[in-house]
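Participant: sequence plus the predicted model coming up.
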Amino acid sequence: MEHYSELKGKSLLFLLFLWFFWFINFSTRTIFSPILPLIEDEFIISHARASSIFIFQSIGYSLSMLFSGFFSGRIGYKKSIAFSLVISAFTFSLIPFIKVFSVLYIFSFILGLSAGVYLPSAIPLITEFFAEKNWGKSIAIHDSGASVSIFSAPFIAIFLLQFFQWRWIFEVFAIVFIISAVAFYLICDEVKIRHTSHKTLIGVLIKMRSLWIISILFTFATGVNLGIYFIVPLYLTKELSLGIGYANTILGISRLGGIGVAVLCGFLVDRFSLRKTIFIMLLLTGIFTICTGISSIKFIGFFLFLQAVCITGFFPMGLLSIARIFNREMRGMATGLVMTIGIIFGGGLIPYLIGLSGDLLSFRFGIATIGILVILISPIILFLKEIE
């Protein structure tokens with residue numbers, strides 16, 4: 001693939017092309033959140049059982065990211081991403097016919113498997129395609145696709161629910177994914193990277209302190225971002241008795257500020273200390289998360305907005321940290337390992353525990369607790385000197 005030194009013209013167009021695929025890929029996870037109260041009501045299940053969907057999805061997503069990091073470079077990043085889009089389309093097309101809630105666990109797991117292929121393939125693709133001086137900008141712009149997905153999923157759900165029951169939203173997604181798979185395969189060039197022995201690489205990686213520091217940070221950042229995002233509609237509708245349309249409007253608007261922050265971070269990382277910036281963002285995120293858990297209904301949307309602005313900036317900087325720490329052969333595998341750990345515990349276990357808190361105590365207690373934990377772990381980024 002041609003290597004571009006400037007982020008403009010054809011290279012920028014290709015980056016926006018990848019951005020769209022990250023947007024729809026991330027939507028496989030975000031679309032469940034705004035319709036979760038409807039799923040809970042239809043199947044007559046507890047908050048904890050409803051939120052356990054995200055555990056199965058996160059396990060599938062994480063396992064896929066892990067093995068994708070091992071093999072995508074040899075198979076080809078183009079083939080890997082196209083295959084993941086096709087499997088997602090097929091799975092979405094079957095969800096409307098589910099009659100037993102437990103079956104949704106299986107489909108959530110499969111969706112996680114298919115979606116998890118993307119990022120360990122996309123990050124090496126970006127670092128191959130763009131010059132290193134533009135990695136911060138290109139990764140940040142690309143990563144904003146997740147922020148836009150988080151922002152838009154509630155509004156997509158509100159719009160589609162005017163025409164369909166919640167089940168048929170997934171058929172719309174199936175159509176989008178199959179068209180996207182064909183377009184990606186026809187337009188994108190293939191890139192392969194020959195790795196040394198997987199055993200050698202994994203042995204080196206797991207001995208690196210930086211891998212575990214980044215993994216811990218991604219775990220709590222994912223938990224305070226997606227974990228809370230997944231649960232907020234349940235919190236607002238079931239504990240605070242708001243309507244689902246109003247609850248999703250609050251959720252969507254609260255994520256609007258994160259879009260600009262994700263892009264802005266890519267242009268700031270070369271001017272400020274990456275470690276100190278990440279530390280400050282995590283610290284503020286923890287504070288605003290606690291405020292979200294203890295504030296009155298009147299101010300919840302405000303604190304959700306501030307919390308989302310702070311935590312959204314972590315992810316492009318976290319991915320840039322991975323790109324800086326690990327060499328070309330390790331980069332895809334390291335991304336897979338870090339995200340595997342982060343998604344299983346942050347994107348799966350944490351929302352389940354918050355849902356369980358909603359059953360046993362209150363959602364407020366669970367949300368405030370995760371905020372305290374984020375504050376406590378934020379200083380460990382200062383030990384990661386390799387990223388400067």
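Facilitator: That came through, no problem. Numbering: from 1, shown residues only.
Participant: what is the neighbour count of residue 375?
Facilitator: Per other C-beta atoms under 10 Å, the neighbour tally for residue 375 reads 17. Every C-beta, even on glycine, is put in place using the N, C-alpha and C of the backbone.
Participant: check it and give its pLDDT.
Facilitator: Reading off the per-residue confidence, residue 375 sits at a pLDDT of 94.
Participant: ok, and the closest non-adjacent residue to it?
Facilitator: Nearest-residue entry for residue 375: residue 286, 3.5 Å, with adjacent residues in sequence omitted and distances by C-beta to C-beta, 6 or more residues apart in numbering.
Participant: number of residues surrounding the one you found?
Facilitator: As a burial measure, residue 286 scores 24 neighbours (other C-beta under 10 Å).
Participant: so which elements touch the biggest helix by length in the chain?
Facilitator: In the chain, with assignment by DSSP state H, the single longest helix is helix 135-160. Using 3 or more C-beta pairs under 8 Å, 6 or more residues apart in numbering; DSSP states H and E as the contact definition, the elements that helix 135-160 packs against are helix 10-30, helix 32-43, helix 118-129, helix 169-187, helix 244-254, helix 256-268, helix 297-312, helix 314-325.
Participant: buried set for the fifth one?
Facilitator: What that stands for is helix 244-254. Across helix 244-254, burial judged by 16 or more other C-beta atoms under 10 Å covers 244, 247-254.
Participant: does the residue nearest to residue 375 touch residue 379 like I think?
Facilitator: No. Here residue 286 lies out of contact with residue 379, judged by C-beta atoms under 8 Å, at a distance of 11.2 Å.
Participant: now stretch 141-155: buried residues?
Facilitator: Buried positions in stretch 141-155, judged by neighbour count with 16+ other C-beta under 10 Å: 141-154.
Participant: may I have it as CSV, with CA atoms only?
Facilitator: Presented in CSV, the C-alpha positions along stretch 141-155 are these (Å, rounded to 0.1, in the frame of the first residue of the first chain):
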residue,chain,number,x,y,z
ILE,A,141,-9.8,11.1,13.6
HIS,A,142,-10.3,7.4,13.0
ASP,A,143,-11.2,6.8,16.7
SER,A,144,-13.8,9.6,16.6
GLY,A,145,-16.0,7.0,14.8
ALA,A,146,-16.6,5.3,18.1
SER,A,147,-17.5,8.7,19.7
VAL,A,148,-20.0,9.4,16.9
SER,A,149,-21.5,5.9,17.3
ILE,A,150,-21.9,6.4,21.0
PHE,A,151,-23.6,9.8,20.4
SER,A,152,-25.8,8.7,17.5
ALA,A,153,-27.0,5.3,18.7
PRO,A,154,-29.7,6.7,20.9
PHE,A,155,-31.0,8.9,18.1
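Participant: pLDDT of it, averaged?
Facilitator: On average, stretch 141-155 scores 84.
Participant: go on, stretch 316-332?
Facilitator: Averaging pLDDT along stretch 316-332 yields 77.
Participant: got a list of what the spatially closest residue to residue 258 that is not a sequence neighbour touches?
Facilitator: Once its chain neighbours are removed from consideration, residue 258 has its nearest residue in residue 312; the separation is 3.2 Å (C-beta to C-beta, 6+ apart). By C-beta atoms under 8 Å, 6 or more residues apart in numbering, residue 312 lies in contact with 147, 150, 225, 255, 257-259, 261-262.
Participant: done for today, thanks.
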